[in-house]
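K.L.:
dropping the sequence and predicted coords here.
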Amino acid sequence: MSYVVTGATGQVGSAVVDYLISQSVPVRVVIRSENKAESFRSRNVEVTIADLTDTEALTKAFQGAKAVFAMNPPAYDKPDMQIVATTVGHALASAIKASNVKRVVVLSSVGAERSSKTGCILTTHILEEKLKESASQVVMVRCAWFTENWLSAISAVKSGHSPVIGSMLQKLDRKIPHIATNDIGRVVAEYMTKSDDKIDKLVIIELEGPES
């Protein structure tokens, strides 16, 4: 039985793949394009091409999965991120149920328990609601702000395009929890591979670094 990773070409998904490979377990990735397939196949990773809105393709991708890592790629280029999250969440939940997947580990965010006034974090609330009963064991990993989100702003300063490090966070008069995506990948892989008797029906993890 394989451990299936969606969003495997992203920062978190690729880290999950790395940690699973290091544990010598069978890994299957779900990616949207054949372009990056060889980089996985060369590492003995099974590749399935599927869009995260395609229930039928996802159902085939999840067949025989021991656990699935599920996430909703940020749809910043779409006019309504919440509609996209609803569509992706529905497709993932339907495919997980149809494939009889026992455990799903979900990439979420701090604040996902709130149903309003959270901006783009609302998309993770939608995903949680769609997936919380999709399998007999569901793990929600609510992450703090990704440390790597600062890289583009830092690069702009280093290249001379900006005199200051621009922030997407407001207000900056208090410390804000962060977490490295590599650590998220490690925790996700850990919960994907734990024995069944060590996972409750619903597990919620709030993940952040050692200090804000």
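P.N.:
Arrived safely. Numbering: from 1, shown residues only.

K.L.:
now do the helices in the chain.
P.N.:
Here the chain has its helices, by DSSP state H, at 11-22, 37-41, 55-62, 81-98, 122-131, 151-158, 181-193.

K.L.:
which other helices and strands contact the first one?
P.N.:
For helix 11-22, the elements it packs on are strand 2-6, strand 27-31, helix 181-193, judged by 3 or more Cβ pairs under 8 Å, 6 or more residues apart in numbering; DSSP states H and E. C-betas here are computed from N, CA, C, even on glycine.

K.L.:
any idea how far residue 51 is from residue 43?
P.N.:
Residue 51 sits 23 Å away from residue 43, going by Cβ to Cβ, to the nearest Å.

K.L.:
for residue 33, grab the count of nearby residues.
P.N.:
By other Cβ atoms under 10 Å, the residues close to residue 33 number 9.

K.L.:
what of residue 45?
P.N.:
Residues near residue 45, counting by other Cβ under 10 Å: 19.

K.L.:
just residue 104 next, same as before
P.N.:
By other Cβ under 10 Å, 25 other residues sit near residue 104.

K.L.:
correct me, but it touches residue 139?
P.N.:
Yes. Counting by Cβ atoms under 8 Å, residue 104 touches residue 139, with 7.3 Å between them.

K.L.:
which non-adjacent residue is nearest residue 111?
P.N.:
Excluding its sequence neighbours, the residue lying closest to residue 111 (Cβ to Cβ, 6 or more residues apart in numbering) is residue 121, at 4.6 Å.

K.L.:
got a list of what the one you found touches?
P.N.:
109, 110, 111, 112, 114 (Cβ atoms under 8 Å, 6 or more residues apart in numbering).

K.L.:
please consider this matter closed, and thank you.
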